[in-house]
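In: have a look at this fold, sequence not included:
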């Protein structure tokens with residue numbers, strides 16, 4: 001059985017030392033295996049304290065990077081690219097501290113940044129991405145951390161929307177992070193996309209097609225489970241949804257209504273469904 005995780009974004013943003021002290025014991029008591037930790041801004045929470053907290057409750061860690069406005073690896077000033085690379089290296093250091101084998105997210109452009117590219121422009125931008133990712137991937141590899149670059153749906157980026165695009169664009173040593181929400185929007189066959197990604201998969205995030213709990217939606221979870229097994233993926237399945245209580249993150253993720261009776265119910269019902277699956 002694969003480990004099951006949950007992202008702290010289900011409850012709050014940003015996470016802090018005090019919020020994690022209250023949240024981690026509940027996550028452990030519900031029966032999760034992993035806590036996914038967003039690094040929104042360096043210093044929001046202490047990696048060392050969090051590592052002790054997770055260890056004390058028998059939980060693993062997964063680190064997600066956050067491409068906020070101003071974090072860009074392509075079509076940006078050299079200063080912006082350097083700052084973004086420094087941020088990504090910080091995420092790697094956080095992953096080492098908390099014991100996460102990966103950092104995952106759209107490590108190419110800020111979420112919500114879209115622009116039209118003709119074929120020549122796309123080739124140029126993707127070459128720039130490979131070049132600017134190279135030192136970060138090397139830094140991560142030296143520390144035993146794998147980077148999972150996440151394709152996003154067309155409304156959140158115009159650069160990498162599909163597994164095929166990501167496989168074509170990224171160097172072989174760079175992994176992929178897959179999210180069922182984006183797969184459902186962009187892939188003709190989410191199951192085939194998972195199989196195509198195969199050993200390149202660094203992390204899989206899951207949620208319902210409405211961004212709520214997995215299960216009870218129209219996604220073909222049986223085909224998903226079979227594809228994950230065929231791909232040989234052994235990492236966690238992490239529930240990623242978002243609290244509507246933080247205006248910034250709710251707006252960024254287009255959370256306009258409650259997706260469950262409570263955020264606790266969203267997490268626990270998703271866990272029960274994934275365990276049964």
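Out: Alright, I've got the coordinates. Bear in mind the structure is a predicted one, so any value in this text is a computation, not a measurement.
In: let me know the pLDDT of residue 132.
Out: Here the pLDDT value assigned to residue 132 is 98.
In: residue 25 now?
Out: At residue 25, the pLDDT recorded in the model is 98.
In: residue contacts, the closest residue to it other than its chain neighbours?
Out: Sequence neighbours aside, residue 57 is the residue nearest to residue 25 in space, at 5.9 Å (criterion: Cβ to Cβ, 6 or more residues apart in numbering). In this view, the C-beta of every residue, glycine as well, is placed from N, C-alpha and C. Residue 57 makes contact with 24-25, 27-28 under the criterion Cβ atoms under 8 Å, 6 or more residues apart in numbering.
In: contacts for stretch 164-177?
Out: Counting by Cβ under 8 Å, 6+ apart, 102, 104-105, 126, 129-130, 133-134, 137, 141, 146-151, 160, 163, 193, 196-197, 200-205 sit against stretch 164-177.
In: mind listing which of these are in helices?
Out: Among the contacts of stretch 164-177, the ones falling in helices (DSSP state H) are 126, 129-130, 133-134, 137, 141, 163, 193, 196-197.
In: how about the helix-or-strand element of the chain with minimal mean pLDDT: buried residues?
Out: In the chain, no helix or strand scores lower on mean pLDDT, DSSP states H and E than helix 247-252, which sits at a mean of 81. Under the neighbour-count criterion of 16 or more other Cβ atoms under 10 Å, helix 247-252 has 249-250, 252 buried.
In: let me know the secondary structure of the nearest residue to residue 234 once chain neighbours are set aside.
Out: Of all residues not flanking residue 234 in the chain, residue 2 sits nearest, at 6.8 Å (Cβ to Cβ, 6+ apart). Secondary structure, DSSP: H, G, I helix; E, B strand; the rest coil: residue 2 is coil.
In: could you pull out the strands for the stretch 1-150 of the chain?
Out: For the stretch 1-150 of the chain, the strands defined by DSSP state E, counting those that start in this stretch cover 4-7, 34-39, 60-65, 102-105, 146-149.
In: tell me which of these sits most buried.
Out: strand 102-105 (a mean of 27; mean count of other Cβ atoms under 10 Å).
In: partner strands of that strand, parallel or antiparallel?
Out: When pairing is defined by DSSP bridges, strand 102-105 lines up against strand 60-65 (parallel), strand 146-149 (parallel).
In: then residue 271 would be within a strand, right?
Out: No - counting by three-state DSSP, residue 271 is not part of a strand but helix.
In: that one and residue 210, how far apart?
Out: 17 Å (Cβ to Cβ, to the nearest Å).
In: the two: who's more crowded?
Out: residue 271 (23 against 16; other Cβ atoms under 10 Å).
In: what bridges to the residue lying closest to that one once chain neighbours are set aside?
Out: Closest residue to residue 271 apart from its sequence neighbours, by Cβ to Cβ, 6+ apart: residue 4 at 5.7 Å. Bridge pairing for residue 4 (DSSP bridges) gives the partners residue 237.
In: and the pLDDT at residue 4?
Out: Reported pLDDT for residue 4: 98.
In: I'd say it and residue 214 touch.
Out: No - the pair residue 4 / residue 214 is not scored as a contact, 10.1 Å apart, by Cβ atoms under 8 Å.
In: and the residue sitting furthest away from the middle of the chain, how far from residue 194?
Out: What lies farthest from the middle of the chain is residue 120; by Cα atoms, centre = their mean that is 29.1 Å. According to Cβ to Cβ, residue 120 and residue 194 sit 31 Å apart.
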